[in-house]
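Visitor: pasting a predicted model and its sequence here:
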Amino acid sequence: LHDEVEKSCVLFAHPKLSRVPQLHLLEEWALDHPDKFRCKLHVDLPVFKHLVNTILAHPVFHNNSNNPQLPVPVKLAVFLNSAGHYRNAATTEDIAE
């Protein structure tokens, strides 16, 4: 038994916690809570819409693959959220939500 314990890195396995993306909340926040939208994406809604319209037709967002792509607004939202954080830093609101 001692040998088995030494070989094992984990004494009690815990299932991975699932992460629930908040992307579905962005539309609600844009309409009802612009402060939360701005906090998450670091831009106001008109700026976000302008960016989407500017990059929507760019070929980098289109391919001939059979694999479905995320919509451009979702890709932009993910980028803006990531770019708004320095490395792995997150605000207390991000952690709470």
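Guide: That came through fine. A quick note: this is a predicted structure, and the numbers were derived from the prediction, not measured.

Visitor: can you map out the helices along this structure?
Guide: For the chain, the helices defined by DSSP state H cover 2-7, 26-32, 34-41, 45-55, 72-83, 92-96.

Visitor: residues in contact with the second one?
Guide: Think helix 26-32. Contacting residues not belonging to helix 26-32 are listed as 36-37, 40-41, 45, 48, 77 [C-beta atoms under 8 Å, 6 or more residues apart in numbering]. Every C-beta, even on glycine, is put in place using the N, C-alpha and C of the backbone.

Visitor: now swap in the fifth one and tell me
Guide: Applying C-beta under 8 Å, 6+ apart, the external contacts of helix 72-83 come out as 23, 26, 40-43, 48, 51-52, 55-56, 61, 69-70.

Visitor: show the buried residues in those residues.
Guide: Buried positions within these, assessed by neighbour count (16 or more other C-beta atoms under 10 Å), are 26, 40-41, 43, 48, 51-52.

Visitor: by pLDDT, give me the weakest of the contacts of helix 26-32.
Guide: When the contacts of helix 26-32 are compared by pLDDT, Lys40 scores lowest at 85.

Visitor: so that residue is in contact with Gln22, correct?
Guide: Yes: counting by C-beta atoms under 8 Å, Lys40 does reach Gln22; the two are 7.5 Å apart.

Visitor: overlap of the contact sets of these two?
Guide: In the contact map built from C-beta under 8 Å, 6+ apart, no residue is linked to both Lys40 and Gln22.

Visitor: where in the chain is pLDDT low?
Guide: The model of the chain has pLDDT under 70 over residues 1-2, 4-21, 85-97.
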